[in-house]
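*Asks:* any chance you can model this:
(one chain, ligands or ions: 2)
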Amino acid sequence: MKRRSGFQVMMRLIGLVKPLTGYMLLAIFMGLIGHLCAAFITIFGGYAVLNVLGTGDYAAGLTGIFISVCIFALLRGILRYAEQACNHYIAFKLLALIRDKVFRALRRLCPAKLEGRDKGNLISVITSDIELLEVFYAHTVSPVAIAVLFSGVLCLFVGAYHWSLGVLALAAYLTVGAIIPVVISCISGEDGMKFRSKSGELGGFVLDSLRGLSETIQYGNGAKRLAEMNAKTEALAVDEARMKKVTGRNMAVTNTVILVFDLAMLFLCTALYQNGILDFDGVLIPTIALMSSFGPCVALANLGSTLQNTFAAGNRVLDILEETPAVSDITGKEEITFEGANVNRVTFAYGGEAGTADSNMWSAENGMEDALGRRRKTQTQERPQPAQNVVLSEVSVEIPKNTVVGIVGRSGSGKSTLLKLLMRFWKVQQGSVAISGTALEEISTANLRAMESFVTQQTHLFHDSIRNNLRIARLDATEEEIVAACKKASVHDFIMSLPQGYDTPVGELGDTLSGGERQRIGLARAFLHDAPFMLLDEPTSNLDSLNEAVILKSLHEARADKTVVLVSHRKSTMGIADKVYSVEHGRMGRL
Ligand SMILES: Nc1ncnc2c1ncn2[C@@H]1O[C@H](COP(=O)(O)OP(=O)(O)OP(=O)(O)O)[C@@H](O)[C@H]1O
Ligand SMILES: [Mg+2]
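*Replies:* Ligands and ions are numbered 1, 2, ... in the order given. The predicted model follows:
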């Protein structure tokens with residue numbers, strides 16, 4: 001989690017408005033004129049009173065004043081609508097733009113930087129945090145500009161009667177529109193942030209509970225989990241109630257301050273009148289003008305309580321946008337074909353210089369500086385930094401073309417890590433990984449992905465039909481190709497036995513299928529992808545020997561035009577391997 005001041009967050013967020021600057025200026029202009037119309041409706045009322053009283057000489061006359069008031073009222077309505085329409089157009093266009101940027105960023109960060117992240121929190125960043133930025137774009141940027149311009153015009157207007165009135169008006173606007181919001185934001189900012197991170201945590205907790213429902217039931221933890229959820233919800237409700245109370249108190253303070261300034265204006269005008277410096281209209285008009293012109297500033301005063309909240313959300317979104325990926329996409333390299341791979345004296349540790357364990361991205365804590373640059377206390381204690389455990393040390397593996405290379409080793413010895421390095425999901429810290437003699441850093445990402453099929457230990461299935469789940473491996477695959485791939489993976493007969501065959505929908509996370517069925521679909525995807533280099537991480541761990549035999553036969557035959565790296569614990573699986581390496585304590589030896 002990067003530390004940014006409220007100001008830095010604001011500047012970054014404003015920077016994103018650039019493509020919509022025209023609309024923003026239009027909104028500000030319409031808002032300014034609209035507010036001036038509103039203020040001048042009351043001021044013209046004052047003129048009408050003066051007209052009736054016969055003081056002051058206003059050429060327009062009563063009828064003229066009434067017509068002007070009507071026009072102002074009409075304009076006010078139209079302009080207000082147009083301003084709001086403009087602001088919301090900007091806000092929602094920008095939210096779409098930001099979501100797009102966030103998804104792009106996630107795609108860059110995937111998979112290395114998403115491993116082990118709190119997905120519930122990530123979802124709350126993608127949904128509610130981005131949603132909250134609407135407040136910033138629709139109700140913060142242009143209102144601030146409008147309030148500044150509008151207050152400036154009114155200070156000049158009032159100051160035209162006597163400079164001291166202008167100064168008093170300026171003081172009033174500054175107090176209501178700047179000092180009060182900053183004070184409020186300092187007092188209540190922490191609450192807003194606490195509330196956001198707590199509600200993010202609750203989201204994560206609920207998601208976690210849903211996923212682990214069967215474990216909870218099996219071990220009889222229901223009551224405990226429910227109590228935890230209730231406690232979290234109640235804590236949120238208490239926070240919310242306190243925030244509401246604070247908002248009420250803030251409004252009371254703002255309104256009182258406004259009244260005090262109205263009275264001060266009245267007294268100052270009266271004093272100037274008594275000293276013969278002002279006429280009666282100089283008493284009435286400035287007082288009315290001030291009374292009717294706090295609207296834009298009050299809008300800012302109300303922002304004070306939400307602004308820290310918005311910045312906290314902005315901070316979390318910026319964290320994703322600015323996070324550097326573990327490996328960046330590579331383009332523009334000369335296309336190569338697969339001629340074998342080799343891993344040469346590779347040493348690797350998660351959280352090393354190329355790793356990411358040092359970032360606390362998307363953690364519930366929200367350490368950031370407030371608008372005044374003070375460090376806020378973080379709500380949760382600092383996370384312990386993971387030790388840099390070396391997973392692989394000086395590992396070398398030779399993978400000649402058209403062979404099956406087996407890798408064995410105890411659980412946690414780094415077998416999956418080795419496959420991820422071959423996929424270039426992570427950067428190696430020492431040594432090199434090369435395909436066809438070219439270092440992975442010198443191969444375009446698209447070229448690399450086209451050469452490799454990777455079957456992970458857990459196959460993820462999307463909430464879609466089996467056919468569409470297979471097709472993600474090759475979007476233009478024909479029906480025959482899909483069937484052929486499924487036959488190789490020994491899953492065709494199973495699919496055909498389902499009532500809807502290949503059109504059978506798969507439940508979310510694929511949990512309507514057995515572990516072995518899921519695994520075979522994962523393998524079928526790899527066969528369909530038809531890349532020359534297959535990386536298989538325990539592809540048969542959930543299978544009975546009959547199904548395993550079919551798959552091993554397919555792999556054995558595939559060797560004619562494919563190269564396979566096969567990770568497995570089973571001796572039977574290793575039977576088809578031409579060479580077997582064993583990883584022990586991060587070191588690799590040939591068996
Ligand atoms: N993203 C990660 N961040 C930090 N540590 C990790 C990460 N992924 C794996 N590890 C750790 O690295 C070590 C090697 O993990 P790896 O998944 O490569 O083991 P494995 O040999 O495939 O084990 P298994 O046979 O159980 O699948 C483990 O101790 C694991 O906890
Ligand atoms: Mg593994």
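
*Asks:* ok, Ala301 - contacts?
*Replies:* Val176, Gly177, Ile180, Pro181, Ile184, Asn250, Thr254 (C-beta atoms under 8 Å, 6 or more residues apart in numbering). All C-beta atoms are positioned from the backbone trio N, CA, C, and that covers glycine.

*Asks:* quick check, it in a helix?
*Replies:* Yes - counting by DSSP: H, G, I helix; E, B strand; the rest coil, one finds Ala301 located in a helix.

*Asks:* what about it, distance to Leu32?
*Replies:* According to C-beta to C-beta, to the nearest Å, Ala301 and Leu32 sit 19 Å apart.

*Asks:* of all the contacts of Ala301, which comes closest to ligand 1?
*Replies:* Of all the contacts of Ala301, ligand 1 sits closest to Ile184, with 42.3 Å by C-beta to the nearest ligand atom.

*Asks:* look up which helix or strand that closest one falls in, please.
*Replies:* helix 180-211 (DSSP states H and E).

*Asks:* next: Ser432.
*Replies:* Going by DSSP H and E, Ser432 is in strand 430-435.

*Asks:* partners of the very next helix or strand once past that strand, with directions?
*Replies:* Using DSSP H and E, the next helix or strand after strand 430-435 towards the C-terminus is strand 438-439. Strand pairing for strand 438-439, using DSSP bridges, gives strand 430-435 (antiparallel).

*Asks:* off-centre distance for the strand it pairs with?
*Replies:* Its chain's C-alpha centre and that of strand 430-435 lie 34 Å apart, by C-alpha atoms, centre = their mean, to the nearest Å.

*Asks:* stretch 30-37 now?
*Replies:* So, by C-alpha atoms, centre = their mean, the centroid of stretch 30-37 is 35 Å from its chain's centroid.

*Asks:* what's the answer for stretch 276-284, then?
*Replies:* With C-alpha atoms, centre = their mean, you get 57 Å for stretch 276-284.

*Asks:* list the contacts of that stretch.
*Replies:* Contacts for stretch 276-284 (C-beta under 8 Å, 6+ apart): 46, 49-50, 53, 55-56, 161-162, 266, 269-270, 272-273.

*Asks:* buried residues in that stretch?
*Replies:* Neighbour counts over stretch 276-284 (16 or more other C-beta atoms under 10 Å) mark Leu278, Asp281, Gly282, Val283, Leu284 as buried.

*Asks:* just put the residues you listed in JSON lines and tack on distance to Ser5 and pLDDT.
*Replies:* Below are those laid out as JSON lines (distance: C-beta to C-beta, whole Å; pLDDT from 0 to 100):
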{"residue": "Leu278", "distance to Ser5": "45", "pLDDT": "87"}
{"residue": "Asp281", "distance to Ser5": "47", "pLDDT": "86"}
{"residue": "Gly282", "distance to Ser5": "45", "pLDDT": "88"}
{"residue": "Val283", "distance to Ser5": "45", "pLDDT": "89"}
{"residue": "Leu284", "distance to Ser5": "45", "pLDDT": "90"}
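
*Asks:* tell me the first helix or strand C-terminal of the helix holding Ile184.
*Replies:* helix 213-218.

*Asks:* before we move on, back to that, pLDDT (mean, whole number) over the helix holding Ile184?
*Replies:* Averaging pLDDT along helix 180-211 gives 80.

*Asks:* helices or strands next to it in the packing?
*Replies:* Applying 3 or more C-beta pairs under 8 Å, 6 or more residues apart in numbering; DSSP states H and E, we find helix 180-211 packed against helix 119-124, helix 222-274, helix 295-322.

*Asks:* quick one: the second one to helix 295-322, angle?
*Replies:* Here helix 222-274 points in a direction 140 degrees away from that of helix 295-322 (axes from the mean of the first three to the mean of the last three C-alpha atoms, to 10 degrees).

*Asks:* let's see the pLDDT reported for Glu131.
*Replies:* Glu131 is given a pLDDT of 88.

*Asks:* list the contacts of the residue lying closest to it once chain neighbours are set aside.
*Replies:* Excluding its sequence neighbours, the residue lying closest to Glu131 (C-beta to C-beta, 6 or more residues apart in numbering) is Leu95, at 7.2 Å. Going by C-beta under 8 Å, 6+ apart, Leu95 touches Ile130, Glu131, Leu133, Glu134, Tyr137.

*Asks:* just give me the closest of those to ligand 1.
*Replies:* For these, the nearest to ligand 1 is Ile130 (26.2 Å; C-beta to the nearest ligand atom).

*Asks:* hmm, Val317 and that closest one touching each other?
*Replies:* Yes - with contact defined as C-beta atoms under 8 Å, Ile130 reaches Val317; the gap is 6.0 Å.

*Asks:* so which of the two has more stuff around it?
*Replies:* Between Ile130 and Val317, counted using other C-beta atoms under 10 Å, Val317 has the larger neighbour count: 25 against 22.

*Asks:* quickly note the distance from the more buried one to Leu122.
*Replies:* Val317 is 11 Å from Leu122, by C-beta to C-beta.

*Asks:* identify the contacts common to the two.
*Replies:* The contact lists of Val317 and Leu122 share no entry, where a contact means C-beta under 8 Å, 6+ apart.

*Asks:* list the contacts for the residue in the stretch 451-591 of the chain that ligand 1 sits nearest to?
*Replies:* Relative to ligand 1, the nearest point of the stretch 451-591 of the chain is Gln457 (5.7 Å; C-beta to the nearest ligand atom). Residues in contact with Gln457 (C-beta under 8 Å, 6+ apart) are Ser416, Asp537, Glu538, Ser541.

*Asks:* which of the residues you listed are close to ligand 1?
*Replies:* Filtering those for neighbours of ligand 1 using C-beta under 6 Å from any ligand atom leaves Ser416.

*Asks:* what's the lowest-pLDDT member of the contacts of Gln457?
*Replies:* Ser541 (87).

*Asks:* need the buried ones from the contacts of stretch 276-284 selected in ChimeraX.
*Replies:* Typed into ChimeraX, the line below selects the buried ones among these, using 16+ other C-beta under 10 Å:
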select :46,49,50,56,161,162,266,269,272,273
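
*Asks:* now the strands for this protein?
*Replies:* For the chain, applying DSSP state E gives strands covering 341-349, 390-399, 404-409, 430-435, 438-439, 452-455, 533-537, 563-567, 579-584, 587-590.

*Asks:* out of the helices and strands packed on helix 180-211, which gets nearest to Cys486?
*Replies:* helix 119-124 (30.2 Å; C-beta to C-beta).

*Asks:* for the stretch 401-550 of the chain, what lies in contact range of ligand 1?
*Replies:* Gly409, Ser411, Gly412, Ser413, Gly414, Lys415, Ser416, Thr417, Gln457.

*Asks:* tally up the residues packed near Leu154, please.
*Replies:* Leu154: 27 neighbours (other C-beta under 10 Å).
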